[in-house]
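Undergrad: Sequence plus the predicted model coming up.
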Protein chains: 2
Amino acid sequence: MAGEDRFVRRLLAELPPSSRVLLGPGDDAAVVEADGTWVVTTDMLVEGVDFLPGEGPEAIGRRAMAVNLSDLAAMGARPEFFLLSVGFPAARGETYPLSIVRGALSRATPLSAALAGGDLSHAPMTVVSVALWGRPEKEPIRRSGARAGDALFLSGHPGRAAAGLRLARARAEGRPAARNLSAAAEAELLAAYLDPEPRVALGLKLAREDEATAAIDVSDGLGIDAGRLAEASGVRLVLDAERIPIAPALADFARLESLDPLDLALAGGDDYELLFTVPAERADRIPAEGPDGEALSRVGRAEDGRGAAIRTEAGDREVAGLGHDHLRAAAP
Amino acid sequence: MAGEDRFVRRLLAELPPSSRVLLGPGDDAAVVEADGTWVVTTDMLVEGVDFLPGEGPEAIGRRAMAVNLSDLAAMGARPEFFLLSVGFPAARGETYPLSIVRGALSRATPLSAALAGGDLSHAPMTVVSVALWGRPEKEPIRRSGARAGDALFLSGHPGRAAAGLRLARARAEGRPAARNLSAAAEAELLAAYLDPEPRVALGLKLAREDEATAAIDVSDGLGIDAGRLAEASGVRLVLDAERIPIAPALADFARLESLDPLDLALAGGDDYELLFTVPAERADRIPAEGPDGEALSRVGRAEDGRGAAIRTEAGDREVAGLGHDHLRAAAP
């Protein structure tokens, strides 16, 4: 079990009960009763840990917002309000945090999510914390609803962000990486890391049409997040190796770097795609593309058992340990 | 104008309109329409900036919660839910953030405020961000409602936290400070800094009884926060020097350190007391003590004009520049 999950478990054991927290820590976001029902989430991004040192402030703001929007997307909730706190080095000047806010707004405003407030502090490096809440489109989609026999789907192309991070880091350090990678492929991979697209429209559609029995956003890695969904639902998730969609740009990058693209897809993190289960008899209702044109791939199924595995001709390999553990990992 | 205030002004000019954010950035907390009305706030605390390096995790959690509770108190809102994000050095171990949460809960649970979620990240030093929301007891008390002629009140004894910070810093650095200060006085001043008491019950009472025309929590300094209330209301606030309540422990500390206790009271910050205005004809309804036994002092009045001043026999001295500007100040 990842350290963060262990932390949540320890925390839950200590929390006083509240009849108004319908769903507390441990899922992508919390659900609180408030006349109407609100879905709330928060994520903190730290420079040098959750993003590269010296990344531009608008990009930081966009990512901080995207990460939180992705949590709401995984619940099938429509974002409505957010709070934004920024810590930053004084030497970066007063426009710097404003640019962070602008970046966050550039993601939030098209979705009609409004900034309600925030806070500023000086800090040795940049820290951005967003709290976001919204309305469930219908019933919130939890991690815990998958049943044995369900089909498993994934949006987008996992591993591209992990490749983009390697490219961005090499570039920042003046090292060559994946020489001969086409400019278009490099741009695609960098964008996947630097400016992830939260799957808000897909999450809302899944909730509205009651398609998904469970969902999680793949933020820490397909392996670890599949393991989390499996554990919450009390099932085993089996991913078929040949069904994991590998983007051509990722395949090119992996070949040039002598890496296995599947490893990047399983352990990479930062994808912000949705992994969701659908009853097998409704699996053919899931189209090949989501509402924003992202691929929707049937990548496996839920079975009786525990854990998460990738299935190849050679057998099953456990993958629930593959990814970014917030209480274990070092800087990117 | 403090840099943070200037930032908010610049930000407001760029924010897209939202009919559901009834009160956005610029007050102690935001008010959002959500079937019922919610008051929301967020504050981020950074180690070495907003609290001393190496402070115990439970104390950090208590303070992070208290600072946010104080914002809601200044609006007359009853806290209900919060989100808590923690960044921390990996070497401090997994129990460290749990202790921070415990500290926050020790403040929140007695007020029936429930933890709804949170996030963890590693970071070079500890950063805690809380997002808190609650229900207005009646109409939210804004900063902008003071009118010329109103009486000005202050809870508690300002400046004690500033003295406590100096004692704590000296102690951490192994320097002597205020030798011969009694143990009781030292404990009182340290507690004022290390474990401030948010005036939640007072804020609720003021809102419930429609007593206050405006309120602000004194977090950055009595001078600067009086200036903020004055500017938001379009009045001049005049503090009478002889009416500022100086705790005997603060007077002792100041004497031993050759400081003016009034300077500490005006510029110190970290007090988390409530400064509020009341129509002059209702001023005698304010009792000498608030609901938690804290002193309530009539410290001055609102007049026509602008700014905030301390009035002595020698005349008026402007004080709106005295305090902690988040976009200017260095570490404590």
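TA: Yes, it's here.

Undergrad: all strands of chain A, in order?
TA: Under the criterion DSSP state E, chain A contains strands at A:21-23, A:30-34, A:36-46, A:77-88, A:114-122, A:127-136, A:151-155, A:214-218, A:236-240, A:273-278, A:296-303, A:308-312, A:315-318.

Undergrad: Output the ones you listed in JSON lines, with mean neighbour count, mean pLDDT and distance to chain B appended to each entry.
TA: In short, each C-beta sits where N, CA and C put it, glycine included. JSON lines is the format used below for the strands of chain A (neighbours: other CB atoms under 10 Å in any protein chain shown; pLDDT from 0 to 100; distance: least, CB to the nearest CB, whole Å):
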{"stretch": "strand A:21-23", "mean neighbour count": "19", "mean pLDDT": "58", "distance to chain B": "5"}
{"stretch": "strand A:30-34", "mean neighbour count": "21", "mean pLDDT": "60", "distance to chain B": "4"}
{"stretch": "strand A:36-46", "mean neighbour count": "25", "mean pLDDT": "87", "distance to chain B": "4"}
{"stretch": "strand A:77-88", "mean neighbour count": "27", "mean pLDDT": "90", "distance to chain B": "4"}
{"stretch": "strand A:114-122", "mean neighbour count": "25", "mean pLDDT": "84", "distance to chain B": "4"}
{"stretch": "strand A:127-136", "mean neighbour count": "29", "mean pLDDT": "92", "distance to chain B": "3"}
{"stretch": "strand A:151-155", "mean neighbour count": "25", "mean pLDDT": "98", "distance to chain B": "22"}
{"stretch": "strand A:214-218", "mean neighbour count": "28", "mean pLDDT": "94", "distance to chain B": "13"}
{"stretch": "strand A:236-240", "mean neighbour count": "23", "mean pLDDT": "98", "distance to chain B": "24"}
{"stretch": "strand A:273-278", "mean neighbour count": "30", "mean pLDDT": "97", "distance to chain B": "19"}
{"stretch": "strand A:296-303", "mean neighbour count": "21", "mean pLDDT": "98", "distance to chain B": "26"}
{"stretch": "strand A:308-312", "mean neighbour count": "22", "mean pLDDT": "96", "distance to chain B": "22"}
{"stretch": "strand A:315-318", "mean neighbour count": "13", "mean pLDDT": "93", "distance to chain B": "23"}
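
Undergrad: Go through the ones you listed and name the closest to B:Val299.
TA: Of all the strands of chain A, strand A:114-122 sits nearest to B:Val299, with 26.9 Å by CB to CB.

Undergrad: Can I get that closest one in PDB, CA atoms only?
TA: Extracted C-alpha coordinates of strand A:114-122, given in PDB (Å, rounded to 0.1, in the frame of the first residue of the first chain):
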ATOM      1  CA  ALA A 114     -15.300  30.900 -10.300                       C
ATOM      2  CA  LEU A 115     -12.400  32.000  -8.100                       C
ATOM      3  CA  ALA A 116     -13.900  32.700  -4.600                       C
ATOM      4  CA  GLY A 117     -10.800  33.700  -2.700                       C
ATOM      5  CA  GLY A 118      -7.200  33.000  -1.900                       C
ATOM      6  CA  ASP A 119      -4.100  33.700   0.100                       C
ATOM      7  CA  LEU A 120      -0.500  34.800  -0.600                       C
ATOM      8  CA  SER A 121       2.600  34.100   1.400                       C
ATOM      9  CA  HIS A 122       6.300  34.400   0.700                       C
END
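
Undergrad: Return the list of helices and strands in contact with it.
TA: strand A:77-88, helix A:95-108, strand B:21-23, strand B:30-34, strand B:36-46 (3 or more CB pairs under 8 Å, 6 or more residues apart in numbering or on different chains; DSSP states H and E).

Undergrad: how about these in TSV, adding distance to B:Leu181?
TA: Converted to TSV, those look like this (distance: least, CB to CB, whole Å):
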stretch	distance to B:Leu181
strand A:77-88	34
helix A:95-108	39
strand B:21-23	43
strand B:30-34	41
strand B:36-46	27
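
Undergrad: To B:Glu289, which of the ones you listed lies closest?
TA: strand B:36-46 (25.5 Å).

Undergrad: Give me the sheet partners of the closest one and which way each runs.
TA: Sheet pairing for strand B:36-46, assigned by DSSP bridges, gives strand B:30-34 (antiparallel), strand B:127-136 (antiparallel).

Undergrad: Redo the strands of chain A as JSON lines? Include distance to A:Leu52.
TA: Formatted as JSON lines, those follow (distance: least, CB to CB, whole Å):
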{"stretch": "strand A:21-23", "distance to A:Leu52": "33"}
{"stretch": "strand A:30-34", "distance to A:Leu52": "30"}
{"stretch": "strand A:36-46", "distance to A:Leu52": "11"}
{"stretch": "strand A:77-88", "distance to A:Leu52": "15"}
{"stretch": "strand A:114-122", "distance to A:Leu52": "21"}
{"stretch": "strand A:127-136", "distance to A:Leu52": "14"}
{"stretch": "strand A:151-155", "distance to A:Leu52": "25"}
{"stretch": "strand A:214-218", "distance to A:Leu52": "20"}
{"stretch": "strand A:236-240", "distance to A:Leu52": "29"}
{"stretch": "strand A:273-278", "distance to A:Leu52": "21"}
{"stretch": "strand A:296-303", "distance to A:Leu52": "29"}
{"stretch": "strand A:308-312", "distance to A:Leu52": "29"}
{"stretch": "strand A:315-318", "distance to A:Leu52": "30"}
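
Undergrad: Not counting residues beside it along the chain, what's closest to A:Gly118?
TA: Once flanking residues are discounted, A:Gly118 sits nearest to A:Leu84: 4.2 Å by CB to CB, 6 or more residues apart in numbering or on different chains.

Undergrad: Where does pLDDT dip in the stretch 51-200 of chain A?
TA: Judged against pLDDT under 70, the stretch 51-200 of chain A has no low-scoring part.

Undergrad: residues making contact with stretch A:167-175?
TA: A:52-54, A:176-178, A:186, A:189-190, A:193-194, A:253, A:332 (CB atoms under 8 Å, 6 or more residues apart in numbering or on different chains).

Undergrad: Drop anything exposed from these.
TA: Among those, those buried by neighbour count (16 or more other CB atoms under 10 Å in any protein chain shown) are A:Leu52, A:Ala177, A:Ala178, A:Glu186, A:Leu189, A:Leu190, A:Tyr193, A:Leu194, A:Phe253, A:Pro332.

Undergrad: Can you flag which of those residues belong to helices?
TA: Using DSSP state H, the subset of these located in helices is A:Glu186, A:Leu189, A:Leu190, A:Tyr193, A:Leu194, A:Phe253.

Undergrad: And these, which is closest to chain B?
TA: A:Tyr193 (17.3 Å; CB to the nearest CB).

Undergrad: Do I have it right that the closest one meets A:Glu186?
TA: No - judged on CB atoms under 8 Å, A:Tyr193 makes no contact with A:Glu186 at a distance of 11.1 Å.

Undergrad: Quick check: can you list the domain ranges of chain A?
TA: A:3-136, A:143-318 (automatic domain parsing).

Undergrad: out of those, which comes closest to B:Leu132?
TA: Nearest of those (CB to CB): domain A:3-136, 9.1 Å.

Undergrad: Please state the offset of the closest one from the chain centre?
TA: Its chain's C-alpha centre and that of domain A:3-136 lie 13 Å apart, by CA atoms, centre = their mean, to the nearest Å.

Undergrad: So which of the domains of chain A is nearest B:Arg311?
TA: domain A:3-136 (31.8 Å).

Undergrad: Mind checking if the longest helix that chain A contains is in reach of chain B?
TA: Using DSSP H to define each element, chain A has its longest helix at helix A:57-75. No - taking CB under 8 Å from any CB of the partner chain as the criterion, helix A:57-75 and chain B are apart, separated by no less than 9.1 Å.

Undergrad: and A:Asp195, how many neighbours?
TA: 17 (other CB atoms under 10 Å in any protein chain shown).

Undergrad: cool, and the one 4 residues further on?
TA: If you count neighbours by other CB under 10 Å, A:Arg199 ends up with 28.

Undergrad: That'll do, ta.
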